[in-house]
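Chemist: Only the shape, not the letters, is given here:
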């Protein structure tokens, strides 16, 4: 954000001449060191991609592109298609975001704009604590609290709307919607915590100006504060998205682990991360193992694509008029 | 002064660690199912032989087979025997040595129903999705006293690859031609119906949470967590509850026709008192060990495991090996050659 300011910052001047000798090496060393750190991240990412690609060679050779659009996952007959897992991952993440984004954004606005600091700070602290809760705990709460509730709630919904495929089928309590709700609860703290910080960083003068022009509080938030903070808020959402895509433990506990694509929200499903965690340890056959690695590769590519789209979105938002006015 | 004291502490600590590091360390990896008894064995054996330490990682049978084939561990462990291809790919021939027995039981969640009796056809039909309601005649006929509801059955299976699934599907493949033809056996299979739970606790949790559900778990897990589980009709036509005795009886029935390499399935075993969904779990030991110290220590452990070690199994709810199988194994231990590379 303040790259120009950093680049234009005055060079550090050491006041003591005794340091002159060391000074000559300090900057290049520091530059090399940080460069090494930066490069190592890239190298690790490339290595992961390369290893996933190589280890999945057997499955790619055998199934080709059909791996992407067939739905049979049969470790006995060694026939593998990953479509149900891709669908489960994308659908559960999308539903989770649809729940978590309005909720998280609303909470962040309340914490940043409406509540007094004395109340907002302890609340934010508690929300940040939620980020540190291990996912297996969310999974357990899901199994023992949410699953029975979902089964009870599903009955009247199905009685009224069961003719729509979206709500059809038997409701076991576990399933796509249950997993999405657990995911939403898990990612909401990310959205709240980061979005609140971003909203707090909006200069007070912006609000004052809007209020002075006769805007109501709601109009100020909607037309001035939110547009100003847009790229930061989007960043928080993509952080949450990445977490939802890769979440394993909590999802596998409540999604039903059935590799099938069903129109119903109540039907069991499966995700890519979950099948990896479930089947990797006991996969003895080479083709089976390669198919699992290919699922990993697929997850890697999808995460990459989603991240790329996120970058593009943020870049396009950056050049919007509201931001330029700042 | 302070710094010197730290040095002293460091040297002392090192001195304390040295004898342990000098001791013989044997590494093993594999099946999770027998982990409690294995860790008990390795611990007891270490107490008796302080110079030998056996380190075991319960990473799953698949990992155990892979690691012994790659030679990264001194021994492996598995709940399902290695396939012929896997045996052929081993550089040093690998010996399967049964250690204890496990069993798999059907567990269910039916309001007001305590004990159920299952025929093989009923279990296969439920997990194939052909028997869909609890009051189906295939179940009701053998359970005249149980008030079976007209509710839909929710079958629940393991979502993670596991020896438990291997034993269960191996059994279903034997008793049902339909199952063998359409699903088959393996640590994970393509389930025709039902939901998946991760681990014994995942299946048990789903069964408890879902009215009218049925799942399968390890006998030990069902005993320890007091789950209701049903009797299963064996090949002799008798409904047998799963107990340590009925599981050992299944192994005894198989001992008469035990193949040379111990890779035997004892599901659907003959004997009148044999529980039909049972299996050995195996240690995988190379037949040629070049490290003399390790080889001798491992042989010593195996000798002890087959004699005194077996006494430790029952208290942990593992069914011990029948005497006939122990005798066969003691003979097989002679196949392990220990030769120094020097």
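Modeler: Good, I have the coordinates. Given the structure is predicted, the values throughout are model-derived calculations rather than measurements.

Chemist: residues contacting residue 258?
Modeler: In the absence of a named chain, this looks at chain A. A:267-270, B:191, B:194-196 (C-beta atoms under 8 Å, 6 or more residues apart in numbering or on different chains). Glycine gets a C-beta too; all of them are placed from N, C-alpha and C.

Chemist: I was after chain B.
Modeler: Here residue B:258 is in contact with B:264, B:325, B:328 (C-beta under 8 Å, 6+ apart).

Chemist: Would you tell me which residues of the stretch 101-250 of chain B are close to chain A?
Modeler: Residues of the stretch 101-250 of chain B lying close to chain A by C-beta under 8 Å from any C-beta of the partner chain are B:152, B:154, B:159-163, B:183-191, B:194-198, B:202, B:205-206, B:209-210.

Chemist: which intervals of the stretch 201-342 of chain B have sub-threshold pLDDT?
Modeler: Counting by pLDDT under 70, the stretch 201-342 of chain B contains low-confidence residues at B:340-342.

Chemist: hang on, isn't residue A:146 packed against residue A:181?
Modeler: Yes - shown here, residue A:146 and residue A:181 form a contact pair, counting by C-beta atoms under 8 Å, at 6.4 Å.

Chemist: Restricted to buried residues, select the contacts of residue B:258 in PyMOL.
Modeler: A single PyMOL command selects the buried members of those (16 or more other C-beta atoms under 10 Å in any protein chain shown):
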select buried, chain B and resi 264+325
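
Chemist: Quick check: helices, which of the contacts of residue B:258 are part of them?
Modeler: Secondary structure from DSSP state H places B:325, B:328 of the contacts of residue B:258 in helices.

Chemist: and which of the contacts of residue B:258 is nearest to chain A?
Modeler: Lowest distance from chain A to these (C-beta to the nearest C-beta) belongs to residue B:264, with 18.4 Å.

Chemist: ok, now which ones touch that closest one?
Modeler: B:81, B:254, B:257-258, B:280.

Chemist: are any of those buried, and which?
Modeler: Among these, those classed as buried by 16+ other C-beta under 10 Å are B:81, B:254, B:258, B:280.

Chemist: mind listing the strands for chain B?
Modeler: Assigned by DSSP state E, the strands in chain B fall at B:24-30, B:52-57, B:75-78, B:94-109, B:117-118, B:154-158, B:195-197, B:213-218, B:231-233, B:239-240, B:278-286, B:288-289, B:337-338.

Chemist: and the gap between residue A:128 and chain B?
Modeler: 29 Å (C-beta to the nearest C-beta, to the nearest Å).

Chemist: That residue and residue A:246: what is the separation?
Modeler: 20 Å (C-beta to C-beta, to the nearest Å).

Chemist: Now residue 90: closest residue in space that isn't a chain neighbour?
Modeler: I went with chain A, as the question did not name one. Spatial nearest neighbour of residue A:90, excluding adjacent residues (C-beta to C-beta, 6 or more residues apart in numbering or on different chains): residue A:302 at 7.6 Å.

Chemist: um, chain B though
Modeler: residue B:69 (5.7 Å).

Chemist: do the same with residue B:210
Modeler: Spatial nearest neighbour of residue B:210, chain neighbours left out: residue B:154 (5.2 Å); criterion: C-beta to C-beta, 6+ apart.

Chemist: Next, count neighbours for the one you found.
Modeler: Residues lying near residue B:154 (other C-beta atoms under 10 Å in any protein chain shown) number 23.

Chemist: Ok, the one 10 residues further on next?
Modeler: Here the number of neighbours of residue B:164 (other C-beta under 10 Å) works out to 28.

Chemist: now do residue B:251
Modeler: Residue B:251: 26 neighbours (other C-beta under 10 Å).

Chemist: residue contacts, it?
Modeler: Applying C-beta under 8 Å, 6+ apart, the residues contacting residue B:251 are B:98, B:101, B:266, B:269, B:278, B:280, B:319, B:321-322, B:325.

Chemist: do the same with residue B:266
Modeler: Counting by C-beta under 8 Å, 6+ apart, residue B:266 has contacts B:101, B:250-251, B:253-254, B:278-280.

Chemist: Around chain B, which positions in the stretch 101-250 of chain A sit nearby?
Modeler: So the stretch 101-250 of chain A meets chain B at A:143-144, A:147-148, A:151, A:170, A:172-174 (C-beta under 8 Å from any C-beta).

Chemist: thinking again about what came up before, give me the buried entries from the residues of the stretch 101-250 of chain B next to chain A.
Modeler: Buried subset of those (neighbour count, 16+ other C-beta under 10 Å): B:154, B:159-163, B:183-191, B:194-198, B:202, B:205-206, B:209-210.

Chemist: From residue A:174, how far out is the nearest residue to residue B:195 once chain neighbours are set aside?
Modeler: Distances taken as C-beta to C-beta, 6+ apart place residue A:256 nearest to residue B:195, at 4.5 Å, with adjacent residues excluded. Distance of residue A:256 to residue A:174, computed by C-beta to C-beta: 4 Å.

Chemist: which residues are common contacts for these two?
Modeler: Shared contacts of residue A:256 and residue A:174, counting by C-beta under 8 Å, 6+ apart, come down to A:268, B:195.

Chemist: Counting neighbours, what do you get for residue 143?
Modeler: In the absence of a named chain, this looks at chain A. Neighbours of residue A:143 using other C-beta under 10 Å come to 24.

Chemist: Chain B, not that one
Modeler: Neighbours around residue B:143, by other C-beta under 10 Å: 17.

Chemist: Same check on residue A:38?
Modeler: 10.

Chemist: Could you list every helix and strand in contact with the helix or strand it falls within?
Modeler: Secondary structure assignment for residue A:38, by DSSP states H and E: helix A:20-55. Other elements packing on helix A:20-55 under the criterion 3 or more C-beta pairs under 8 Å, 6 or more residues apart in numbering or on different chains; DSSP states H and E are helix A:286-318.

Chemist: Can you mark which positions in the helix it packs on are buried?
Modeler: Going by neighbour count (16+ other C-beta under 10 Å), the buried part of helix A:286-318 is A:286-300, A:302-303, A:310, A:313, A:317.

Chemist: and what of stretch B:226-233?
Modeler: B:227-233.
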